[in-house]
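# The following block contains a protein sequence and its predicted model.
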Amino acid sequence: MRGEPHWTVGSDPAQLFTAYLDFYREKAIAKVTSLSPEEQDTSRVPSVWTPLQLLHHLAHMEQRWFVWGFLAEPVAEPFGDEVDGVWGIPPGRGVEEMVAMLRRTGERTRSVLASYPLDTVASVGGRFSADPPSLSWICFHVLQEYARHVGHLDVAVELAGGPTGE
């Protein structure tokens, strides 16, 4: 896996957002897949989420902001990562499916960032009914979500006896 995007990625902010979102997405995947299947599905925190549930949440979160939010495209289950207000995963789905879903979502995000200027305002009709944010605001929001949740995974993986550090 590649390390943090190097400062020579370029001066184009969209390319930098893309590189950092790819970086954090792959970090989350690496952390979860470093665990045994049992640990992937075991909570180590009082809020009871599991590492696998967090991957599922990240895929839905990114899709909510870029596809349903920015593009205002219909999304079958924008909050499909929640079951009774708590993160959940449909029965029978494992890490391979969660990783594939997260990577597909990332491909869509890369397409959005390659197709629209960052100052473009999100469409109304999906997530937003009024006063939608710009694409750059959405990028910052999703980037902070990833950074925060990868930090959560650092702790959960360490508590499970997995690898530490980046």
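That came in fine, so what should we check first?
# Buried residues, stretch 139-147. List them.
Neighbour-count burial for stretch 139-147, counted by 16 or more other Cβ atoms under 10 Å, picks out 139, 142-143, 145-146. C-beta: built from backbone N, CA, C; applies to glycine.
# er, stretch 76-89 I mean
By neighbour count on 16+ other Cβ under 10 Å, the buried set for stretch 76-89 is 78, 80-81, 87-89.
# got the contact list for the residue nearest the centre of the chain?
By Cα atoms, centre = their mean, the chain has its centre lying nearest to Leu58, at 3.2 Å. The contact partners of Leu58, by Cβ atoms under 8 Å, 6 or more residues apart in numbering, come to 25, 28, 102, 145-146, 149.
# Out of the residues you listed, name the ones that lie in helices.
Using DSSP state H, the subset of the contacts of Leu58 located in helices is 25, 28, 102, 145-146, 149.
# Kindly indicate which of those lies nearest Leu113.
The closest of the ones in helices among the contacts of Leu58 to Leu113 turns out to be Arg25 (Cβ to Cβ; 13.1 Å).
# what number of residues lie near that closest one?
Neighbourhood size, Arg25 [other Cβ atoms under 10 Å]: 22.
# next one: Ser11
By the criterion of other Cβ under 10 Å, Ser11 has 8 neighbours.
# For Pro13, the count of nearby residues, please.
The burial count for Pro13: 13, using other Cβ under 10 Å.
# Quick check: Ser34 vs Val45, distance?
Relative to Val45, Ser34 is positioned 17 Å away (Cβ to Cβ, to the nearest Å).
# What of Ile29?
19 Å.
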